[in-house]
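# Sequence unavailable; structure follows:
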């Protein structure tokens, strides 16, 4: 909240400073998105043939089609990048930011390894890919 008020104030009186603040904020957003989406892309690359395994599984009738998963995972990683950005620019105390980033990192790691573990388990139970 304080960041938004400060940015509005600076914009009213000093446009050059506003551009610098906006550029720094945009840079943080891009870095946050690149890290999160990059992890998602790497995970997707490492498990690109997992959808074939998924399609061969016996699934319940209400199971979503395989084409939904890349869309949902992409949205998830983008939202995680935005979340990291919001933590980064927040006015929260340093300790709270560190705790939030620790949870973010743990969740990012879990999301990265989920597809890899899923594929490995499927191969072990007799659905080779």
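Everything's here; your move. None of the values given here were measured: they were computed from a predicted structure.

# From now on I want contacts and neighbour counts done on CA atoms only, so please keep to that.
Will do.

# Which of the helices or strands spans the residue nearest the centre of the chain?
The residue lying closest to the centre of the chain (CA atoms, centre = their mean) is residue 77, at 2.6 Å. Mapping residue 77 onto the secondary structure by DSSP states H and E places it in helix 68-89.

# can you check residue 27 too?
With elements taken from DSSP H and E, the one containing residue 27 is helix 15-46.

# Pull out the buried residues from the helix or strand following that helix.
Reading on from helix 15-46 to the C-terminus, the next helix or strand found by DSSP H and E is helix 50-56. Under the neighbour-count criterion of 16 or more other CA atoms under 10 Å, helix 50-56 has 50-51, 54 buried.

# Which strands and helices lie in contact with helix 50-56?
Under the contact criterion of 3 or more CA pairs under 8 Å, 6 or more residues apart in numbering; DSSP states H and E, the helices and strands touching helix 50-56 comprise helix 94-124.

# and the helix it packs on, average pLDDT?
For helix 94-124, the mean per-residue pLDDT is 86.

# Quick one: distance of that helix to the chain centre.
The gap between the average C-alpha position of helix 94-124 and the chain average comes to 10 Å, counting by CA atoms, centre = their mean, to the nearest Å.

# next one: stretch 69-86
On CA atoms, centre = their mean, the centre of stretch 69-86 falls 4 Å from the chain's centre.
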